[in-house]
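Trainee: task: produce atomic coordinates for the following.
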Amino acid sequence: MERIILQPRFKDLKHFKDFWTTGNGKQLTDFSGAEVSFKDFEKFSKYFYHVDEIGDEVVKEVYFAKKYSEASREIEKYIRNGVSDQDEVPESVRNLFKQTQAIPDWLDENLLKTGAELCMRCNLDSLISLRDYCLMGGYDFAYLNKPLIVTEALKKGAVKRLSETLDFWVNVTRYDALEIHKKGYEFAIKTRLIHSYARLSIKKHYKNWDTENWGDPINSWDMMATYIGFSLVFLHSLHKLGNTISEEEEKGHFHLWKYVGYLLGIPEKLLPENKKQATEYFYLWTSIQPSSDEDSVLLAHSLLNESLENPILKFNFQRKNLRYLHICCTWYLLDDEVCKRLKIPEVPLSKSFPLIKKSLNKIYDNTVSRENRIKKGNKDQMKVLEDYLKITQNSNFH
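Mentor: Presented below is the predicted three-dimensional model:
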């Protein structure tokens, strides 16, 4: 295929201008002090047609050569025991673990610890941020969602998708989780190979994939945007909910996600160091994304209705109340235009719960020690994850 020259094709459209002049994009530039422009567009746009070839080769050589369960067991053995130069393994596997077992010169263990502590100490606000801002806001970018639609994620259901996202996020944000052979490291490698498996399957089976407009499936630039969701957008959400974040915590948070991105095979040039850089990178990427389409609305409403489908809460009135609270947070965290495009229902007193939460967070931050907030946050987050895993691993749950 001849090289496609990409342009910031949606920069003059209303949804892009509104986002960056009055919406969430404007909030992000105010939050970060970013200076947005298109001067570096060509440096980044080539990654719209770039993928993780190392991961893809492992899938071709291991997963496509045997049963999926057998291939998974083989990869788990490599993850948990490591791969040395003396081991007889496929060349693709050697290349993957040569990269992921090599500790980058820039890695700082103290910053990783600080980043993990921020994720834990913000307790359920972290989970609200992931769900009602990062995930929901991501659905507004139509092309980003195409791999989800093509791989029929809607049929899997929002409970299962949310459980998988939570499982990944919790396990990469605990103490020492990203050390080689530890659980977070394992999640990163497995997630990387799931992305490659999905990408190659889309290329093989979905003949109508529009590479020119949508980029390669699960391409490196889209991966950058996803991980800016976990770093920049997540931090902005915590800030909006009244959490006080120190400079060291902010630095640690970006460092944590830079390393997760490195393990996932995202090119280092695409991994921002701070909120200013992340906002400037994000600005460029949003210029090649149209606003919500019908698929976006379906994904958004599937996530909204997850509370009604999820049997963790026993009574129907509890589930309806939880859905209401998530809708309130969505309207508070996302700008009005995004909510309207995703057809988020309007509800009475939508700002009450987030504003009360914001006030309580400020009191909590000032009255409870950081150490105790970290302990409680870790405990509460692990309990939520445990509840989700119990539900989704039950063979009777669909």
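Trainee: run a quick neighbour tally on the spatially closest residue to residue 158 that is not a sequence neighbour.
Mentor: Spatial nearest neighbour of residue 158, chain neighbours left out: residue 306 (3.8 Å); criterion: CB to CB, 6 or more residues apart in numbering. Heads up, the C-betas are built off the backbone N, CA and C, glycines and all. Residue 306 is surrounded by 21 other residues when neighbours are defined as other CB atoms under 10 Å.
Trainee: repeat for residue 305
Mentor: Neighbour count for residue 305, taken as other CB under 10 Å: 15.
Trainee: where exactly do the helices run in the stretch 101-250 of the chain?
Mentor: Defined through DSSP state H, counting those that start in this stretch, the helices belonging to the stretch 101-250 of the chain, from first to last, are 109-121, 123-129, 136-138, 146-150, 153-156, 158-172, 183-205, 211-214, 220-228, 234-240, 247-263.
Trainee: before we move on, the earlier item: contacts only, for the residue nearest to residue 158.
Mentor: 157, 158, 159, 162 (CB atoms under 8 Å, 6 or more residues apart in numbering).
Trainee: can you tell me what sits against the lowest-mean-pLDDT helix or strand in the chain?
Mentor: Each helix and strand of the chain was given a mean pLDDT (mean pLDDT, DSSP states H and E); the minimum falls on helix 153-156 at a mean of 76. Contacts with helix 153-156, where a contact means CB under 8 Å, 6+ apart, come from 148, 161, 298, 299, 302.
Trainee: most neighbours of all the residues you listed, which one?
Mentor: Most neighbours among those, by other CB under 10 Å: residue 299, with 24 neighbours.
Trainee: what's the closest non-adjacent residue to that one?
Mentor: The shortest distance from residue 299 to any residue that is not its chain neighbour, by CB to CB, 6+ apart, is 4.7 Å, and that residue is residue 139.
Trainee: any buried residues in stretch 78-86, and which?
Mentor: Neighbour counts using 16 or more other CB atoms under 10 Å place 78, 79, 83 of stretch 78-86 among the buried residues.
Trainee: distance between the ends of that stretch?
Mentor: Using CA to CA, to the nearest Å, the end-to-end distance of stretch 78-86 comes out at 13 Å.
Trainee: now it, how far from the centre of its chain.
Mentor: Averaging C-alpha coordinates over stretch 78-86 and over its chain gives two centres that are 28 Å apart (CA atoms, centre = their mean, to the nearest Å).
Trainee: ok, now stretch 375-386?
Mentor: Distance, centroid of stretch 375-386 to centroid of chain: 19 Å (CA atoms, centre = their mean).
Trainee: coming back round to it: make CSV out of the helices of the stretch 101-250 of the chain and add distance to residue 288.
Mentor: Putting the helices of the stretch 101-250 of the chain into CSV (distance: least, CB to CB, whole Å) gives the following:
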stretch, distance to residue 288
helix 109-121, 29
helix 123-129, 25
helix 136-138, 15
helix 146-150, 13
helix 153-156, 22
helix 158-172, 24
helix 183-205, 18
helix 211-214, 9
helix 220-228, 8
helix 234-240, 22
helix 247-263, 20
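Trainee: related to what we said a few turns ago, which residues does the residue nearest to residue 299 contact?
Mentor: When the contact criterion is CB under 8 Å, 6+ apart, the partners of residue 139 are 145, 292, 296, 299, 300, 303, 342.
Trainee: recalculate using a threshold of 6 Å.
Mentor: The neighbours of residue 139, taking CB atoms under 6 Å, 6 or more residues apart in numbering as the test, are 296, 299, 300.
Trainee: tell me which element the second one is part of?
Mentor: In this case it means residue 299. Assigned by DSSP states H and E, residue 299 belongs to helix 294-304.
Trainee: so which bits of the least confident helix or strand of the chain are buried?
Mentor: Of the residues in helix 153-156, those buried by neighbour count under the rule 16+ other CB under 10 Å are residue 153.
Trainee: and stretch 206-219, how far from the chain's centre?
Mentor: Centroid separation between stretch 206-219 and its chain, computed with CA atoms, centre = their mean, is 20 Å.
Trainee: ok, now stretch 194-213?
Mentor: In terms of CA atoms, centre = their mean, the centre of stretch 194-213 is found 20 Å from the chain centre.
Trainee: what separates the first and last residues of that stretch, distance-wise?
Mentor: End-to-end distance of stretch 194-213 (CA to CA): 23 Å.
Trainee: tell me the mean pLDDT over it?
Mentor: The pLDDT scores in stretch 194-213 average 95.
Trainee: ok, stretch 291-300 next?
Mentor: Per-region confidence: stretch 291-300 scores 95 on mean pLDDT.
Trainee: for that stretch, buried residues please.
Mentor: Those buried within stretch 291-300 under the rule 16+ other CB under 10 Å are 291, 292, 293, 295, 296, 297, 298, 299, 300.
Trainee: now do the contacts for the last one.
Mentor: By CB under 6 Å, 6+ apart, residue 300 lies in contact with 139, 342.
Trainee: next one: the residue sitting furthest away from the middle of the chain relative to residue 94, how far apart?
Mentor: No residue in the chain has its C-alpha farther from the mean C-alpha position than residue 86, which lies at 36.0 Å (CA atoms, centre = their mean). Taken as CB to CB, to the nearest Å, the spacing of residue 86 relative to residue 94 amounts to 11 Å.
Trainee: what's the answer for residue 138, then?
Mentor: Shown here: residue 138 relative to residue 94, a distance of 34 Å by CB to CB.
Trainee: re earlier: need the worst-confidence member of the buried residues of stretch 78-86.
Mentor: By pLDDT, residue 83 ranks lowest within the buried residues of stretch 78-86, coming in at 93.
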